[in-house]
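Chemist: next input, structure requested:
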Amino acid sequence: MLRLTAALGVSLMMSTAAWAQINGPAPAELPPEGFDEREFVDSRGCVFMRTTFAGEVTWVPRYGPDRQIVCGETPTLTEVAEETAPAEEEAAPAATTQVEVVPQPAQAAPAAPQRTARAPQRRALPRADASGRHPSCPAKAPYGELVTSVSGRVLVRCVTSPALFEGQYFDHPVQTARAAKTLMPRHGAMVQVGSFAVPSNATRLRARLQNAGLPAQMHHVGGLTVVSVGPFHDRGQAHSALSQVRHMGFHDAFLR
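Modeler: The predicted model follows:
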């Protein structure tokens, strides 16, 4: 019986020694309780594998092809790595030097430069060249002239030919080198209400004006549909129609 007990003891000691030899070095610190990952990297950056022996969890090092322990990895517990890192030496406080400051005599602030108010400059209106063309006019109607509406507004009118300057009604008034003149169509004054790129909008506006008892009409100029009211041969009727149109919400309407 004593021999059997001794033999078992020797066998257990040999197995324990062999297991310790297989395990190799241990981690710098063990993972916290409840850690269930298969691998663990200690604060030195070395990788250890989870294994179970005799019902207990043991961490054995992982070896590379060169039979060396795999190290240089990011520690699993960064907090532990930071705690185990060597503390940096505190820098010696910089030497302080006292310098005597000699007060300088106060200097008077320079006087602010006086600014001369500039005379208001009147903005020059663009003028047409000698050919009668005007820079504000589109290529399809390059000729223009300055006109003054019955209401006193100075407008510009564009036409396709200089021959159309006299007595014709257009939607795009444009300035030329000619003197300003009052635009009074040969067939009476007109109240221009609006210009529309969508013809259906112009049609609805004409119907609304006609329902209000106004002689509304449409004509096409430069790809736009212009809605006007008139003509009126009496100046009082023209101004009355203008007031009625503006009262309907078309405040940009004007006499032509």
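Chemist: can you give me the strands in the protein?
Modeler: For the chain, the strands defined by DSSP state E occupy 39-41, 47-53, 56-61, 143-148, 154-159, 181-182, 189-196, 216-221, 224-232, 254-255.
Chemist: which among those is found nearest to Cys71?
Modeler: For Cys71, the closest of the strands of the chain is strand 47-53, at 7.2 Å, according to Cβ to Cβ. Bear in mind the C-beta positions are built from the backbone N, C-alpha and C, glycine included.
Chemist: Ser136 and Val227: what is the separation?
Modeler: Going from Ser136 to Val227 by Cβ to Cβ, to the nearest Å gives 23 Å.
Chemist: and the closest residue to Pro231 other than its chain neighbours, how many neighbours?
Modeler: Leaving aside its chain neighbours, Pro231 sits nearest to Gly188 (3.0 Å; criterion: Cβ to Cβ, 6 or more residues apart in numbering). Gly188 has 14 neighbours, counted by other Cβ atoms under 10 Å.
Chemist: for Gly188, give me its contacts.
Modeler: Listed by Cβ atoms under 8 Å, 6 or more residues apart in numbering, the contact set of Gly188 reads Gly230, Pro231, Phe232, His233, Ala238.
Chemist: now mean pLDDT and distance to Thr76 too, for the strands of the chain, in a markdown table please.
Modeler: Formatted as a markdown table, the strands of the chain follow (pLDDT from 0 to 100; distance: least, Cβ to Cβ, whole Å):
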| stretch | mean pLDDT | distance to Thr76 |
| --- | --- | --- |
| strand 39-41 | 92 | 5 |
| strand 47-53 | 88 | 9 |
| strand 56-61 | 88 | 11 |
| strand 143-148 | 62 | 82 |
| strand 154-159 | 66 | 81 |
| strand 181-182 | 38 | 93 |
| strand 189-196 | 91 | 74 |
| strand 216-221 | 92 | 81 |
| strand 224-232 | 93 | 76 |
| strand 254-255 | 90 | 83 |
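Chemist: format these as a markdown table; extra columns: distance to Ala202.
Modeler: A markdown table is the format used below for the strands of the chain (distance: least, Cβ to Cβ, whole Å):
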| stretch | distance to Ala202 |
| --- | --- |
| strand 39-41 | 79 |
| strand 47-53 | 82 |
| strand 56-61 | 87 |
| strand 143-148 | 23 |
| strand 154-159 | 19 |
| strand 181-182 | 27 |
| strand 189-196 | 4 |
| strand 216-221 | 6 |
| strand 224-232 | 4 |
| strand 254-255 | 17 |
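Chemist: so this protein: which segments form each domain?
Modeler: Following automatic domain parsing, one gets these domains for the chain: 17-83, 126-183, 186-256.
Chemist: what ranges of this protein fall below the confidence cut-off?
Modeler: Applying pLDDT under 70 to the chain picks out residues 1-24, 79-103, 105-106, 108, 119-134, 143-157, 159-187.
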